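Novice: fold the stuff below for me.
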Amino acid sequence: MTMLYGLDRPTADVDVLPFGVNSATESLMRLAGEGFALHKKFGVYLQIVGVAQLPINYEDRLTEMFAKSFNRLRLFALDSYDLALSKIERNTQRDRDDVKHLARTLPLDLNVLKDRYERNCGRIWATRGEKI
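Specialist: Just a heads-up that it's a prediction; the model follows:
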C-alpha cells in the first residue's frame, strides 16, 4: 500500500504471500523475518500473511515492483482491485480506511470492482456460508 499506492501510514513490515511453503520461503523468513538480521539492520521485516482471501486468478494480475533492481529477488504486488477486495473481505477499520485511500487516489472504477467481486469473491465467500 505504501510503495505502490502512496498510503501515508508508517509500517515496519512487508506482507508476503508465498507461492506455497518451501525451503526458500523458510530461509528468507529466517533472514528477513521479524527479529532477524535484516530487520535488526534496516528496521523492516517480512511477514507471511496468515489468512487472506484473494480473488480467483489474482496471480495473473500481479504487478512486479522494482523490476530488474535485484539479481535474485522478484517482488510482486496485488493489483489495486484485488488488494481492495482482500481488504473488504477482512473488514477491519484499518482495511476499510485503506480501501477509501485506494478509491480516492487511483481512483477505482466501481464497475470493475463490482464485476471482479461478483465473478471471483462472491462465489468463494458464499461457499463459506457468508452473506455477500
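
Novice: quick check, Phe76 in contact with Arg61.
Specialist: No. Using Cβ atoms under 8 Å as the test, Phe76 is too far from Arg61 to be in contact (9.8 Å). C-beta: built from backbone N, CA, C; applies to glycine.

Novice: any idea how far Leu106 is from Val112?
Specialist: Distance of Leu106 to Val112, given as Cβ to Cβ, to the nearest Å: 11 Å.

Novice: typo on my end, Gln53
Specialist: The spacing between Gln53 and Val112, counted by Cβ to Cβ, is 18 Å.

Novice: between those two, which one's more packed in?
Specialist: Set side by side, Gln53 and Val112 show unequal neighbour counts under other Cβ atoms under 10 Å, the larger going to Gln53 at 15 against 11.

Novice: please report how far that one lies from Ser80.
Specialist: The span separating Gln53 from Ser80 equals 17 Å under the rule Cβ to Cβ.

Novice: between the two ends of stretch 15-32, what distance do you get?
Specialist: 12 Å (Cα to Cα, to the nearest Å).

Novice: list the buried ones in that stretch?
Specialist: 16, 28-29, 32 (16 or more other Cβ atoms under 10 Å).

Novice: with pLDDT added, can I get those in JSON lines?
Specialist: Compiled in JSON lines, the buried residues of stretch 15-32 are given as follows (pLDDT from 0 to 100):
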{"residue": "Val16", "pLDDT": "84"}
{"residue": "Leu28", "pLDDT": "86"}
{"residue": "Met29", "pLDDT": "90"}
{"residue": "Ala32", "pLDDT": "92"}
